[in-house]
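A.B. asks: I would like to see how this sequence folds:
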Amino acid sequence: MEDDVNNLMQFQYISDAGAKQAVEFLAMMLDMDVDMNITAVNMASIYSIPEIVGGGEIVGLYTRFNGDIAGTMLLLLTPDSALKLSGALIGEFQDEKSEDICNDMQKSASVEICNIITSAFIDVWANTFSIELSHNPPEFGYDYSDVIIDKALGEATGTGDFVVYFNSTLNVINMDINFNIMLMPDPGNLQTFFDKFEKIDYHT
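C.D. replies: Numbers count the residues shown, from 1 in each chain. Have a look, this model is predicted:
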């Protein structure tokens, strides 16, 4: 139990660094003030994700990463939050129906911002652990949560039993956009994260 707590604290540390880098990129791209907070980091059974995010329709953005550590990152948002997120990029902040998230412009904007966020996290992992990592462009999905999770599992080469999830808030133009970032490591790769934590000097 103590080891789990320590590992989650270390995930919090590097996720905060990832959020900081993502904010820098987003602020430059959007030319506006942006703030991002990782409010909590937890670990749970991968099969409990639908319970965590709810059983309704959600937007999922999948990013596959490979290298010394491999797995899938999944950003999960409510349709309304996805509209706010994409609206920050394309400048459409009027009230819209949730189904509008499926139009090409909204999809492209969501994918672009997701790519910035996930790239920041993956870059921080690579730099922190001094390893090589690459990632694919995010893929967009809009469906019920259990379908989104099944798709994420299906596109992975394999996944372990646990997922690390980051409760996140992005503030753009005084709008709080809440979303979850899910880290779904391939089998054995979560332990690789834990092993690498032990070699980091966080005071340097």
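
A.B. asks: All the strands of the protein, residue numbers only.
C.D. replies: Secondary structure of the chain (DSSP state E): strands at 34-45, 57-67, 71-77, 133-135, 139-144, 162-172, 175-185.

A.B. asks: which intervals of the protein have sub-threshold pLDDT?
C.D. replies: For the chain, the stretches flagged by pLDDT under 70 are 1-4, 92-102, 154-160, 201-204.

A.B. asks: hey, where'd the helices end up in this protein?
C.D. replies: All helices of the chain, identified by DSSP state H, fall at 2-30, 49-53, 79-90, 104-129, 145-155, 189-197.

A.B. asks: Tell me the bridge partners for the residue most central in space within the chain.
C.D. replies: The residue lying closest to the centre of the chain (Cα atoms, centre = their mean) is Ile181, at 3.0 Å. The partner list for Ile181 in beta bridges (DSSP bridges) reads Leu75, Phe166.

A.B. asks: ok, now Val172?
C.D. replies: Beta bridges link Val172 to Val34, Met175 when assigned by DSSP bridges.

A.B. asks: mind listing what it touches?
C.D. replies: Leu26, Leu30, Met32, Asp33, Val34, Lys84, Leu85, Ala88 (Cβ atoms under 8 Å, 6 or more residues apart in numbering). Where you see a C-beta, it was placed from the backbone N, CA and C, and this is true even at glycine.

A.B. asks: The same query, at a cut-off of 7 Å, please.
C.D. replies: Applying Cβ atoms under 7 Å, 6 or more residues apart in numbering, we find Val172 in contact with Leu30, Met32, Val34, Ala88.

A.B. asks: try Ile52
C.D. replies: Ala44, Tyr165.

A.B. asks: Next, report how far stretch 113-133 is displaced from the centre of its chain.
C.D. replies: 11 Å (Cα atoms, centre = their mean, to the nearest Å).

A.B. asks: Check what contacts that stretch and list those residues.
C.D. replies: For stretch 113-133, the external contacting residues (Cβ under 7 Å, 6+ apart) are 14-15, 17-18, 21-22, 25-26, 29, 61, 63, 65, 67-69, 73, 75, 85, 89, 135, 137-138, 196, 200.

A.B. asks: List only buried entries from those.
C.D. replies: Buried members of the contacts of stretch 113-133, scored by 16 or more other Cβ atoms under 10 Å, are 14-15, 17-18, 21-22, 25-26, 61, 63, 65, 69, 73, 75, 85, 89, 135, 138, 196.

A.B. asks: Okay then, goodbye and thanks.
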